[in-house]
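Visitor: Generate coordinates for the sequence data below:
(chains A and B)
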Amino acid sequence: MIVAEQKPFDEIYERAKRHRKILLMGCGTCVTVCMAGGEKEVGILASQIRLAARERGDDITVEEHTITRQCDAEFFDEATARKVAEADAVISMGCGVGVQFCAERFPDKTVYPALNTKFYGATVEQGVWSERCAGCGECIVDQFGGICPIARCSKSLLNGPCGGSSDGKCEVDPEHIDCAWQLIYERMEKLGRLDELEENKPLKDWAHHRDGGPRTVTREDVKL
Amino acid sequence: MAGEFAVTGELGPPKSADVEIIERKAGYLKGVVDAVNITDNQTAIVRMSSIGAGLLAMKHGLEPVIQITCRDRNRLAIQADVLGAYALGLRNVLCLSGDHQCFGNHPTSKNVFDMDSIQLIGMLKGMRDDKVFACGDEIRNTKKQPVVEPRVFIGAAANPFGDPFAFRVIRLAKKVNAGADFIQTQCIYDMDRFKQWMEQVRNKGLHERVFILAGITPLKSVRMAEYMRDNVAGLTVPDHLIERLQNAEDPKEEGQKIAIEQIQEIRETPGVSGVHIMAIEAEKTVAGLVEKAGLLPRPE
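Guide: Predicted structure coming up:
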């Protein structure tokens, strides 16, 4: 899923207080899973804004509304459109995609992001989400025992490790980052495929990544 | 270099455009070492470029080994730099992955890592021996003009102490297979582990395909030894060395003594072609060390 984190409250409040009527819009998919922008988080943040407004003497009302996904036009239904129309501005608790998609749907309304979108990742344990994919556009994780060196190695080495691997940790942040190449080595050893790591992997084609320009995927066969 | 035990040194370019600093450091190293590494934004701290400082060092009588990391430059910039370096008379290139920018003075920068050090070695070998750029184009200006490829001596680093230990020799083999001509190791304090690594290196016949230079950094104090042990990734400093420094009247001198002993042990280790002295910000001390180790005069 896309993993995001809530912005510091003051940053969000600074945007909210520019208006009198705010619509706080949550998203029921990725950001619900990573507990950053789902219905529950909308409720909490709305209360925080109202409380702060009362304390600071600002005139702000907050309307709450969560849709299934902010990255799909079908979920911006009549009811949603009406609530947006009634508000002065929208604070989207969706990921960066959701914020933009919402802004596209309602071009005459300012849509603020409440989250900082971080990465494509997975739930490692309750409360911990970790980066797994960099969207490089040319998946070769099988060559590395199912562990992506582009996303999980701090230097995206395809012929790692570097000299900064120590006790299975990455020197960039030994507390939080495992050395991807230690993981790859151990996994390939378990799979009996260590010899494959002796081959020199060639230069990557980054044109499949964002380096080639913002990307679009089209399925002609399903277009209307 | 053929047959002789080689000695290389290191020169850190200034964190400014000051040429006098390079002239001074070059003065300390001239005639003392066979070639000098000119670091490339080492530890991700901005310094004068390796090629710029290398050219200046060359003008002051040194044989530079310029360094290129994968952190700051993509394949276009690197190939362009290598053409420029060669055109300026620089002949030796050390290929490194590069320290992550989080360690330096510009941690908010974007890094590049278009390639890793092994792909970099391969790319330079392709330029030199196949006379083509990474994209396959010939290294010639037009179809009528001649091919003028950069005939550089390609180096790489090796870390005998990094993790996973079992994979380290395989990674060295990868570098040799990619086309490395010479290898400089991370500085060694754990001689036993280094010798273990060299045994594995010899078993694979790698010492016959590449010149291996063992890294030495003389310790100056207990604090330095502890700092290196605790903060430099992949570096271990055995307790008995720290004890020697603690018990010594003059730790700096003891550190030099240890270094000289290490150089001797390295000379006696089969498969090692030389020593690479990294006297960080202490280029002045290298001459004394090389002399006391019995390695002067250097051959012409």
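Visitor: residues making contact with stretch B:291-300?
Guide: B:4-5, B:7, B:31-34, B:256, B:259-260, B:263-264, B:275, B:290 (Cβ atoms under 8 Å, 6 or more residues apart in numbering or on different chains). Glycine gets a C-beta too; all of them are placed from N, C-alpha and C.
Visitor: Need the distance between the two termini of stretch B:126-139.
Guide: Across stretch B:126-139, the straight-line distance between its terminal residues is 10 Å, by Cα to Cα, to the nearest Å.
Visitor: Scan chain A for its longest helix.
Guide: Ordering each helix of chain A by length in residues (DSSP state H) puts helix A:39-56 first.
Visitor: Give me the contacts around that helix.
Guide: Contacts of helix A:39-56 with the rest of the structure, by Cβ under 8 Å, 6+ apart, involve A:6, A:9, A:12-13, A:16-17, A:22, A:24-26, A:28, A:31-32, A:35, A:58-62, A:64-66, A:93, A:114.
Visitor: which element follows it toward the C-terminus?
Guide: The C-terminal neighbour of helix A:39-56 among helices and strands, as given by DSSP states H and E, is strand A:61-67.
Visitor: List the residues that contact the nearest residue to B:Glu149 once chain neighbours are set aside.
Guide: Of all residues not flanking B:Glu149 in the chain, B:Lys131 sits nearest, at 4.3 Å (Cβ to Cβ, 6 or more residues apart in numbering or on different chains). When the contact criterion is Cβ under 8 Å, 6+ apart, the partners of B:Lys131 are B:138-139, B:147, B:149.
Visitor: May I ask which of these has the most neighbours?
Guide: Comparing those on neighbour count, B:Glu149 comes out first with 20 neighbours (neighbours: other Cβ atoms under 10 Å in any protein chain shown).
Visitor: Now do the contacts for it.
Guide: By Cβ under 8 Å, 6+ apart, the contact list for B:Glu149 reads B:127-128, B:131, B:139.
Visitor: what do you get for A:Lys17?
Guide: Each residue near A:Lys17 by Cβ under 8 Å, 6+ apart is listed here: A:53, A:56, A:58, A:60.
Visitor: ditto for B:Val46
Guide: Applying Cβ under 8 Å, 6+ apart, one finds that B:Val46 lies in contact with B:15, B:104-106.
Visitor: What of A:Cys162?
Guide: Under the criterion of Cβ under 8 Å, 6+ apart, the contact partners of A:Cys162 comprise A:155, A:181, B:97, B:116-117.
Visitor: Tell me the secondary structure at the residue of chain A most remote from its centre.
Guide: Centroid-distance maximum for chain A: A:Asp195 at 35.6 Å, with Cα atoms, centre = their mean. For A:Asp195, the reduced secondary structure class is helix; criterion used: DSSP: H, G, I helix; E, B strand; the rest coil.
Visitor: Give me the distance between the host helix or strand of A:Leu23 and the centre of its chain.
Guide: Counting by DSSP H and E, the secondary-structure element that holds A:Leu23 is strand A:21-27. Here the centre of strand A:21-27 is set off from its chain's centre by 19 Å, with Cα atoms, centre = their mean, to the nearest Å.
Visitor: Just checking stretch B:187-194 against chain A, any contact.
Guide: No: against chain A, stretch B:187-194 shows no contacts by Cβ under 8 Å from any Cβ of the partner chain, the least distance being 11.3 Å.
Visitor: Just the buried positions in that stretch, please.
Guide: Residues of stretch B:187-194 classed as buried: B:187-191, B:194 (neighbour count, 16 or more other Cβ atoms under 10 Å in any protein chain shown).
Visitor: and chain A, which residues reach chain B?
Guide: If contacts are counted using Cβ under 8 Å from any Cβ, the residues of chain A sitting beside chain B are A:154-168, A:171-173, A:179, A:182, A:185-186, A:197-198, A:200-204, A:206.
Visitor: who's in contact with residue 68?
Guide: No chain specified, so I'll use chain A. Listed by Cβ under 8 Å, 6+ apart, the contact partners of A:Thr68 are A:27-29, A:75.
Visitor: that's the other chain; I wanted chain B
Guide: By Cβ under 8 Å, 6+ apart, the contact list for B:Ile68 reads B:40, B:50, B:78, B:81-82, B:93-96, B:120.
Visitor: tell me which of those is nearest to B:Lys143?
Guide: Proximity of the contacts of B:Ile68 to B:Lys143 was ranked by Cβ to Cβ; the top entry is B:Val82 with 22.2 Å.
Visitor: Just say helix, strand or coil for the closest residue to that closest one other than its chain neighbours.
Guide: Spatial nearest neighbour of B:Val82, chain neighbours left out: B:Pro150 (5.0 Å); criterion: Cβ to Cβ, 6+ apart. Look at B:Pro150: counting by three-state DSSP, its state is coil.
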